[in-house]
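Asks: No sequence on hand, only this structure:
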């Protein structure tokens, strides 16, 4: 192996920075937990699509897991209705800190086409603090990956 | 002693929120209850404030997987009120989009079913082979999901002569891949043991619970709106309704596999028909929607979608009623899950391919009432996967 090999610093600026506690937590592989609110399933299947061979999110060390207690990232998609609002708060409470909240899709970011609905309980950022917004209806898997990777590089 | 195992509402077994309570005596499920409402968005009410053309974008987002079936049924309903003659070319293009949707939806289900029984390779394969279908959607409609192809009187975009060879190439490449995948799945003795005799629905059960789609067809009931009440171009095409007699999980899988080939057949015939028709004739002009009521039906990948629209002559409907296939299919769990072991019950739940965002819309292991954690979704999948391992060792 060539020992003189160096990572291009522009791609990984976080390596150059001094690591704080939060950066240290997100340095290695990220575990994602997916919360589908009252969504239309499009964003859900695009998130699952990220795991499959064409996009293969695991090459970045990201893994979709079944419990929010082990998660670094909480992906929220879909509009939030009055029934799932309390559940979202409960899940956010259970999550370990620090946690990155990613609102995916038009519905997650603003409420989208369902914001006029009589059961709408506000977009995600009215309920819990959101760090990353990924717009689109639905955003393509590339956009979802780019959103999370850009956030990590910014840290 | 009875144990209650809640599955849901936020639970990795399903991508969507829905609460199932499995009442268990030891390993056996003795009763099941379910609770919906986590995905209620008030769509029927929203539609009353939209114009007839705008409603297409809302009904498309009822469900991301059936995002053709709902506009299809809605278009049928409105065209019944306005008495529109849709041009033949638009009818064939509608069929192509509808069948492409069935292809991607069934491949998606095969993948998820593989994941539940612990065959993640099947999950990865099926989803890999689903990607070219999404590419086809991108070629034809410009989007991977939510296609926005339908309008009153026709379709929004034409399939041009240059696109047809590209579509044929991807479809022809899909066939050997489907053969490979289904050959591997149907030859596997462990899959046979896990899925045969599990979650059986008899023909009488299916009739009693009014089940539709592949759930009903796997029990020997040949119910298919495309044949029973032909809409669009389905009456002009040569294809057959796939049925099986056993009614178990294996039969439901087999019906879906074979339907994939039928869908490819329909698309090829439609492409051949399009080549003969003049390009550009894709929409009839509709000036206004008169007073009246209309019903529209369409066969979604999961069964019959029903839309009812009432117009008072203005530019938005007075009432829009929607019935999705999962709404009736979910009720069959009462028959298919009771008496099964817990690890088989998860598979029986998945076999119906329930779509809650259609019905209205399951996932953490935590009972909303007793606040007691008993077993979570991961445990359930792990339980199901362990059983596959045991069977493998026995063989």
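Replies: Yes, it's here. This is a predicted model, so every value here is computed, not measured. Numbering: from 1, shown residues only, chains lettered A, B, ... in the order given.

Asks: What are the buried residues along the helix or strand residue B:44 falls within?
Replies: If you go by DSSP states H and E, residue B:44 is part of helix B:43-47. For helix B:43-47, the neighbour count (16 or more other Cβ atoms under 10 Å in any protein chain shown) marks B:43, B:46-47 as buried. Glycine gets a C-beta too; all of them are placed from N, C-alpha and C.

Asks: can you check stretch B:330-344 too?
Replies: Those would be B:330, B:332-333, B:335-338, B:340-344, for stretch B:330-344 by 16+ other Cβ under 10 Å.

Asks: coming back round to it: so which elements touch the helix holding residue B:44?
Replies: Applying 3 or more Cβ pairs under 8 Å, 6 or more residues apart in numbering or on different chains; DSSP states H and E, we find helix B:43-47 packed against helix B:55-60, strand B:319-323.

Asks: between the buried residues of stretch B:330-344, which is closest to chain A?
Replies: Using Cβ to the nearest Cβ, residue B:330 is the member of these that lies nearest chain A, at 15.3 Å.

Asks: quick one: contacts for residue B:310?
Replies: Going by Cβ atoms under 8 Å, 6 or more residues apart in numbering or on different chains, residue B:310 touches B:292-293, B:317-320.

Asks: all helices for the stretch 51-200 of chain B, in order.
Replies: Using DSSP state H, counting those that start in this stretch, the helices found in the stretch 51-200 of chain B span residues B:55-60, B:69-82, B:88-116, B:120-141, B:163-187, B:189-195.

Asks: correction: the stretch 201-350 of chain B
Replies: Assigned by DSSP H, counting those that start in this stretch, the helices in the stretch 201-350 of chain B fall at B:203-208, B:213-217, B:225-228, B:249-276, B:325-329, B:333-336, B:342-351.

Asks: before we move on, what about chain A?
Replies: A:13-16, A:21-25, A:42-51, A:82-94, A:105-109, A:124-127, A:141-154 (DSSP state H).

Asks: got any ranges where the chain has weak pLDDT?
Replies: Here I'm looking at chain A. A:1-25, A:155 (pLDDT under 70).

Asks: meant chain B, my bad for not saying
Replies: B:1, B:8, B:10-16, B:352-381, B:383.

Asks: what's the nearest residue to the residue of it found nearest chain A if we skip its chain neighbours?
Replies: Going by Cβ to the nearest Cβ, chain A is nearest to residue B:64 of chain B, at 2.9 Å. Distance criterion Cβ to Cβ, 6 or more residues apart in numbering or on different chains; nearest residue to residue B:64, sequence neighbours excluded, is residue A:42 at 2.9 Å.

Asks: need the contact list for the nearest residue to residue B:226 once chain neighbours are set aside.
Replies: If the residues on either side of it in the chain are set aside, residue B:226 comes closest to residue B:234, at 4.3 Å by Cβ to Cβ, 6+ apart. Residue B:234 makes contact with B:95, B:226-227, B:266, according to Cβ under 8 Å, 6+ apart.

Asks: which two in those are spaced the farthest apart?
Replies: Greatest spatial distance in those: B:95 and B:227, 13.3 Å, computed using Cβ to Cβ.

Asks: Which one's more surrounded, these two?
Replies: Taking other Cβ atoms under 10 Å in any protein chain shown, residue B:95 and residue B:227 do not tie; residue B:95 has more neighbours (25 against 14).

Asks: where's the more buried one relative to residue B:141, distance?
Replies: Residue B:95 sits 14 Å away from residue B:141, going by Cβ to Cβ, to the nearest Å.

Asks: same deal with residue B:209?
Replies: Counting by Cβ to Cβ, the separation of residue B:209 from residue B:141 is 35 Å.

Asks: Same question for residue B:194.
Replies: In this structure, residue B:194 and residue B:141 are 37 Å apart, going by Cβ to Cβ.

Asks: now swap in residue B:190 and tell me
Replies: Residue B:190 is 39 Å from residue B:141, by Cβ to Cβ.

Asks: List the contacts of residue 77.
Replies: Using chain A here. For residue A:77, the contact set (Cβ under 8 Å, 6+ apart) comprises A:34-37, A:39, A:43-44, A:47, A:103-105, A:107-108.

Asks: actually chain B
Replies: Listed by Cβ under 8 Å, 6+ apart, the contact set of residue B:77 reads B:294-296, B:307-309.

Asks: hmm, 10 Å instead?
Replies: Counting by Cβ atoms under 10 Å, 6 or more residues apart in numbering or on different chains, residue B:77 makes contact with B:293-298, B:306-311, B:317, B:320-322.

Asks: Narrow the residues you listed to just the buried residues.
Replies: Those of the contacts of residue B:77 that meet the buried threshold are B:294, B:296-298, B:306-309, B:311, B:317, B:320, B:322, by 16+ other Cβ under 10 Å.

Asks: Which members of those are positioned in strands?
Replies: When those are checked against strands (DSSP state E), the matches are B:294, B:296-298, B:306-309, B:311, B:320, B:322.

Asks: Apart from its neighbours in sequence, what residue is nearest residue B:317?
Replies: The shortest distance from residue B:317 to any non-neighbouring residue, by Cβ to Cβ, 6+ apart, is to residue B:309 (5.0 Å).

Asks: what's the distance between the residue nearest to residue B:341 when sequence neighbours are not counted and residue B:387?
Replies: Nearest-residue entry for residue B:341: residue B:27, 4.7 Å, with adjacent residues in sequence omitted and distances by Cβ to Cβ, 6+ apart. Distance from residue B:27 to residue B:387, counting by Cβ to Cβ: 10 Å.

Asks: Please apply the same query to residue B:349.
Replies: In terms of Cβ to Cβ, residue B:349 sits 15 Å off from residue B:387.

Asks: So for those two, which sits in the more crowded spot?
Replies: Under the criterion of other Cβ under 10 Å, the comparison of residue B:349 against residue B:387 puts residue B:349 first, with 27 against 21.

Asks: doesn't residue B:7 make contact with the more buried one?
Replies: Yes - Residue B:349 is within contact range of residue B:7, at 7.6 Å (criterion: Cβ atoms under 10 Å).

Asks: Quick check: the residue of chain A nearest chain B.
Replies: For chain A, Cβ to the nearest Cβ, closest residue to chain B: residue A:42, 2.9 Å.

Asks: burial of that residue, as a residue count?
Replies: Look at residue A:42: counted by other Cβ under 10 Å, it has 27 neighbours.

Asks: show me what contacts it?
Replies: A:77-78, A:105, A:107, A:136-139, B:60-61, B:63-65, B:67, B:143-146, B:357.

Asks: redo that, cut-off 7 Å
Replies: Going by Cβ atoms under 7 Å, 6 or more residues apart in numbering or on different chains, residue A:42 touches A:138, B:64, B:145-146.

Asks: Pull up the residues of chain A that are close to chain B.
Replies: A:35-36, A:38-42, A:44-45, A:48-49, A:52-54, A:66-67, A:79, A:81, A:83-84, A:87, A:91, A:113-114, A:116-119, A:137-138, A:140 (Cβ under 7 Å from any Cβ of the partner chain).

Asks: Out of the residues you listed, which sit inside strands?
Replies: A:35-36.

Asks: From the residues of chain A next to chain B, list the buried ones, please.
Replies: Neighbour counting over these (16+ other Cβ under 10 Å) leaves A:35-36, A:38-42, A:44-45, A:48-49, A:52, A:66-67, A:79, A:81, A:83-84, A:87, A:91, A:113-114, A:117, A:119, A:137-138, A:140 as the buried ones.

Asks: one step back: the contacts of residue B:234 into CSV, with extra columns for distance to residue B:17?
Replies: Shown next, in CSV, are those (distance: Cβ to Cβ, whole Å):
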residue, distance to residue B:17
B:95, 33
B:226, 31
B:227, 34
B:266, 34
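
Asks: Can you tell me how far residue A:81 is from residue B:48?
Replies: 18 Å.

Asks: cool, and residue B:80?
Replies: Remark: distance between residue B:80 and residue B:48 (Cβ to Cβ) = 19 Å.
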